[in-house]
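# predicted model follows, preceded by the sequence.
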Amino acid sequence: MAEASDQTRVAVWYAVWATACAAVAGIVVLLLDTYVFGRFGHRSAVAFSLVDEGGGVLAIAAGQGAIALATASIAMQLNRSLQATVALGLLIGVFDLAFDLLQFFVPSVEVEWKWKLVIGLAAALIITAAGSHKAGSAPAP
């Protein structure tokens, strides 16, 4: 029973870590965006942009953390465990950073928030599922 509790603890901390990595990636791009375009607007517009878009960034990060937790929980029920959770969380953050920077530097590929949410959640699901291995077996090198 202690093993199940340890796996649950790993899944929860992995979800928290994935959320933090995604949030940091989004905030970095948000600050870059605000710095570049904030020079052309009023201070109130900059503050509104930070609050408005910052809320969206944090909501997407929270959604990715929830998907990571749900996927990790399902993997545990299927007798699979997570490996390299720190790297998996960082990978979710790197995906977000790359995706956001692509949209920043190539505005023609920018998508609406709902599609960013769907793409981010799909990426978190795939990364978490790919990072699991059969419990009791040795992880791949």
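In hand now; what should we look at? Residues are numbered from 1 along each chain as shown.

# for the residue nearest the centre of the chain, what are its contacts?
Closest residue to the average C-alpha location of the chain: Ala22 at 3.6 Å, with C-alpha atoms, centre = their mean. Ala22 makes contacts with Ile60, Ala61, Gln64, Gly65, Ile92, Gly93, Asp96, Gly120, Ala124, as judged by C-beta atoms under 8 Å, 6 or more residues apart in numbering. (Glycine included, C-beta is placed from N, CA and C.)

# again, 7 Å this time
Ile60, Ala61, Gln64, Ile92, Gly93, Asp96 (C-beta atoms under 7 Å, 6 or more residues apart in numbering).

# now do the helix or strand hosting the fourth one, average pLDDT.
When you say that, I think you mean Ile92. In this structure, Ile92 sits in helix 85-105 according to DSSP states H and E. For helix 85-105, mean pLDDT is 87.

# mind saving the C-alpha coords of it as CSV?
Extracted in CSV, the C-alpha atoms of helix 85-105 (Å, rounded to 0.1, in the frame of the first residue of the first chain):
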residue,chain,number,x,y,z
THR,A,85,9.1,13.5,-13.9
VAL,A,86,11.4,16.6,-13.6
ALA,A,87,12.3,16.2,-17.3
LEU,A,88,8.7,15.6,-18.3
GLY,A,89,7.6,18.8,-16.5
LEU,A,90,10.4,20.7,-18.1
LEU,A,91,9.4,19.3,-21.5
ILE,A,92,5.9,20.6,-21.1
GLY,A,93,7.4,24.1,-20.3
VAL,A,94,9.7,23.9,-23.2
PHE,A,95,6.8,23.0,-25.5
ASP,A,96,4.8,26.0,-24.3
LEU,A,97,7.8,28.3,-24.6
ALA,A,98,8.5,27.1,-28.2
PHE,A,99,4.9,27.3,-29.2
ASP,A,100,4.4,30.8,-27.7
LEU,A,101,7.7,32.1,-29.2
LEU,A,102,6.6,30.7,-32.6
GLN,A,103,3.4,32.6,-32.4
PHE,A,104,5.2,35.7,-31.2
PHE,A,105,7.8,35.7,-34.0
